[in-house]
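Peer 1: Output the structure for:
(chains A and B)
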There are 2 protein chains.
Amino acid sequence: MQRVVNSVFHEWAAVLGASNVITSREALKSAETATFATSQQVPAILRPATREEVQECLRIANRFNVPVYPISSGKNWGYGSRVPAAGACALLDLGRMGRILDFDEQLAYVTVEPGVTQKQLYEYLKTRKSKLWMDATGSSPDCSLIGNTVERGFGHTPYGDHFAHVCGLEIVLPNGEVVETGFSRFAGAKAGDSYRWGVGPSIDGLFSQSNLGIVTRMTIWLMPAPAHFQAFYFSCNRDEDLASVVEALRPLRLNGTLRSSAHIANDYKVLSSLQQYPWEETGGQTPLEPSAMAAFRKKGSFGCWSGSGALYGTRRQVAEARRLVRKALRGKVAKLQFLDDRTLKLASRFAKPFGWFTGWDLSRTLELVRPTYGLMKGIPTNVPAASTYWRKRTPPPADPNPDRDGCGLLWCSPVAPMEGGHALAICEIAQRTLLEFGFEPMISVTLLTERSLSCVISIAYDRSILGEDKKAMECHHALHDRLMQEGYHSYRLGIQSMDGLHGETGYNRLLQAIKGVCDPNDILAPGRYSGKAIGKRSKVSTATPAIQDVESLPAVTAAMCERVP
Amino acid sequence: MQRVVNSVFHEWAAVLGASNVITSREALKSAETATFATSQQVPAILRPATREEVQECLRIANRFNVPVYPISSGKNWGYGSRVPAAGACALLDLGRMGRILDFDEQLAYVTVEPGVTQKQLYEYLKTRKSKLWMDATGSSPDCSLIGNTVERGFGHTPYGDHFAHVCGLEIVLPNGEVVETGFSRFAGAKAGDSYRWGVGPSIDGLFSQSNLGIVTRMTIWLMPAPAHFQAFYFSCNRDEDLASVVEALRPLRLNGTLRSSAHIANDYKVLSSLQQYPWEETGGQTPLEPSAMAAFRKKGSFGCWSGSGALYGTRRQVAEARRLVRKALRGKVAKLQFLDDRTLKLASRFAKPFGWFTGWDLSRTLELVRPTYGLMKGIPTNVPAASTYWRKRTPPPADPNPDRDGCGLLWCSPVAPMEGGHALAICEIAQRTLLEFGFEPMISVTLLTERSLSCVISIAYDRSILGEDKKAMECHHALHDRLMQEGYHSYRLGIQSMDGLHGETGYNRLLQAIKGVCDPNDILAPGRYSGKAIGKRSKVSTATPAIQDVESLPAVTAAMCERVP
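Peer 2: Numbering: from 1, shown residues only, chains lettered A, B, ... in the order given. Model (predicted):
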């Protein structure tokens, strides 16, 4: 058996080159580290540079019955980072596939490989003086566009529902076969990058939140930069105001006046983006109780809820949208402020004098708004990542990396119809549950689509404190279960929640039948959104592997060997 | 074998009641009749009333290895009507499943069964004094909403891309199992009707243009009626103007100013909507040559291209959109007219005097615009169906039914990126090919999505004239092939073109593997978008079946028997 494992590494190395089959203890340990406790071990990291190499890696994986787990940039923070859903998977790191394959300014699209990052595309467009905007998610500038899109992540421009704005996928199936979707499957087809459905069954969706294939190419639609852009910011002074704001904005989302998601954060969320946990003021006590929040709200000049959104169009389109937003929010918010590039520049210059006259600490507000302002223009930002250091005792570094720095983060992201009552109900469950477990309920409510909202609830903690990993996970599971009991299912799951999808439904039976024909050996990302409980393979020993030393194969390799026929 | 076939009918009758297993010669003959020549025979029509009955019908079909072909309203005119893609399929007519199951005015959706028609939903909304608009396709008020949507049909409002505006599908798989999609698969889920993706792989697309399952329930999103609506109409005097119009409107589609598809029809298409073939003026000669069109254009006051589109929003949003449309089309069109409910009313009243002053025959124009005007507000219309009588010698009846009345119609609907050059290239191929075969090239160009257009090319003829069926089909195949050679693939196929999808692609292999696990006996709509050549089952004899008479089982039943193990 040792020889078999040895052989699989050699075969991979023969395809990728030895330097692209990484088995150094340090690298593996880093890859095994998420923002919460995991026990899955990674025997090797494979770094293919081309689609053909991906195919070959999968063929080898099948021959040796060794599972692999693809990541693009591995920045799936709060949901599992680079850690496989089940144990004993070799990581298939697609980061080297970083080419921008096609770009069309006129038809407004770009075709990319999985390694292309947000920052890379942003720079690409800037260099070309393109009149197009990308959509950015608030994760990290180094996060993969494809990775985020196949997870159905979202951003803050009108193209924020990422998976709804892509087409022409190239997919490598677990058996190594290549499938192209939409019209792209026909050689010489003209509309492969501009029309989503193609002809015949549309299979794109199968490869989102999925372990059925690896997306190695994707066309991403871009939006034309509007002639005019204006952001708006509002705040509410009472918890229950959230409901009326959601009710007020829904008609504007539905009728197309608000073309992008509005984003409403609670006080905890805002505080965590402004500073770390107030250790001094609380004398080291956690959690920060709601009763204590009032002082921080006052100090930071923010309300119970702080919202933002943006208007895109000609000057007159934006002016009319502004009028409608103002009208809708009248009497429902305590403050409403519109900002554009000009006023933002002015405000920065006159922040101090503005404060003397109005009593409003504008510079503080600007600090808060700048990253979201950019996101609404599709500009990637590092700032939200810094807030994962909330409970740490040392300040966030210039290059935040929550995996590396022991920042605890678990996300839960339930979806509800866009109605005020649902938003309140989710927030009540979140607040009650997180405080019960000793964490701060950081919540953002995103008016995600025309008729649905998503709450992203963060459990942020310090992994270096003994017992916190366990407590946070218990809190997450309690939260997840309570929300599901009320019918609020998450739009996306962390690797710790995949088991929750199993059950004897027609959907699961169909999914598993499809998995059976695509991946009879279950070698691709076993357990990931698979609709079945993760089996014994995920329960590997916690002993430390040292794969380089083939003579002393450790537990993880033994676990791999269990599968070898 | 006769006993087996007899038994399958009896089993179906036991489930549905004898009156819902139709085998009368007249009914079958009608079901076997499309708007072009077909040889597929239909041994029976099954009319289930519930999802459970659909499941039972499929289980029986599997037991007896007898294929079934689902239709909703069967109004797939120009693409095959009710006729199965392969022969010897019993029709599963879902018309009795006509319930509107759920409706939410606030979240703007309706949940329907396959038998619910456009007209039914329109009346439903009107009765409730709903502030919501449906999207309507130009086919027939009696056409099924689900039927059109799963074929990925389109309409003329901002919700015109039908399949992009639905969620929460309930599907009966060929094996009789039920699958629910999105969050709907979780009992008690709150966002099943308002959020599309759910969690895990999104499988909705699999069941569009597909033979993998029968959609028995669907939630359709509705748009809020805008405060103000304005349609615009334009015309161009030169063929090549199409290119500049497409170029001028693309930026407005891309930036969201034009939220719905604009629609541009050529002179032939317009003439066919105003009158039947000018038999007298041409002395009975066909086709109507381009050189002869000029006179008709002049007489009818229309140009080489007649376009329409609509603006939705507040009065100011519409006013700004109007300014932008006007600016974009300046110098590119000969006429540009904006119409709303008030001006339409005025125009109707003053059509005559208007003509005296301007020389423009407004009443003629109004006749032309009224149905499209309604469609852009989601109002179903019968008018386009009348144009299928183009080459008939008798006028269209009050209840047009092209299948029944021998109206020949074949559609071809290639998609291209939204660029003027592509639009011209397709039109050139269409015009050349149709004239070559003796038909009028009726073409409409729809600016379907933000960056793609579809041309719908009609081959309209009189089926009662000997040889025309054959000539029209040859013309269609030549057109289809020429377009594909240039990379212009159709967004949708008629039953006569399904074979063209086969080929050794990864997509087809995957599709067939999925079909294999969903439908091992290939009993559901064999050959429909299946990606493989339709086998011998479609080649049934053309002898007339008389299923009632079980003692003299005809060819079609014999063909069915071939499959019985």
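
Peer 1: use CA for all of it now, contacts and neighbours both
Peer 2: OK.

Peer 1: Which single residue in the stretch 401-550 of chain A comes nearest to chain B?
Peer 2: At 4.1 Å from chain B, residue A:487 is the closest residue in the stretch 401-550 of chain A, using CA to the nearest CA.

Peer 1: Surely that residue and residue B:189 touch.
Peer 2: Yes: using CA atoms under 8 Å, residue A:487 makes contact with residue B:189 at a distance of 4.1 Å.

Peer 1: ok, now how distant is residue A:27 from residue A:20?
Peer 2: 12 Å (CA to CA, to the nearest Å).

Peer 1: whoops, I mixed them up, residue A:406
Peer 2: Counting by CA to CA - residue A:406 and residue A:20 are separated by 27 Å.

Peer 1: Residues contacting stretch A:245-255, please?
Peer 2: Residues from elsewhere that reach stretch A:245-255 (CA atoms under 8 Å, 6 or more residues apart in numbering or on different chains): A:258-261, A:324-325, A:328-329, A:332-333, A:418-420, A:423, A:447, A:449-451, B:223-224, B:226, B:313.

Peer 1: taking those one by one, which sit in helices?
Peer 2: A:324-325, A:328-329, A:420, A:423 (DSSP state H).

Peer 1: So which bits of the stretch 151-300 of chain A are right by chain B?
Peer 2: Contact residues (CA under 8 Å from any CA of the partner chain) of the stretch 151-300 of chain A with chain B: A:177-181, A:183, A:185-191, A:194-195, A:197-210, A:223-224, A:226, A:254-255.

Peer 1: so what's the nearest residue to residue A:176 once chain neighbours are set aside up against?
Peer 2: Spatial nearest neighbour of residue A:176, excluding adjacent residues (CA to CA, 6 or more residues apart in numbering or on different chains): residue A:55 at 4.4 Å. Neighbouring residues of residue A:55 by CA under 8 Å, 6+ apart: A:172, A:175-177.

Peer 1: what do you get for residue A:487?
Peer 2: B:187-191.

Peer 1: So it: helix, strand or coil?
Peer 2: Classification of residue A:487 using DSSP: H, G, I helix; E, B strand; the rest coil returns coil.

Peer 1: ok, now how distant is it from residue A:246?
Peer 2: 19 Å.

Peer 1: State the pLDDT value of the closest residue to residue A:533 other than its chain neighbours.
Peer 2: The shortest distance from residue A:533 to any non-neighbouring residue, by CA to CA, 6+ apart, is to residue A:499 (4.8 Å). Here the pLDDT value assigned to residue A:499 is 86.

Peer 1: ok, residue A:499 - contacts?
Peer 2: Contacts of residue A:499 by CA under 8 Å, 6+ apart are A:527, A:531-534.

Peer 1: Could you list the low-confidence segments of the stretch 1-150 of chain A?
Peer 2: A:1-5 (pLDDT under 70).

Peer 1: for chain B, what are the nearby residues on it?
Peer 2: So the stretch 1-150 of chain A meets chain B at A:107-108 (CA under 8 Å from any CA).

Peer 1: 10 Å instead?
Peer 2: Within the stretch 1-150 of chain A, the residues that sit near chain B (CA under 10 Å from any CA of the partner chain) are A:106-109, A:150.
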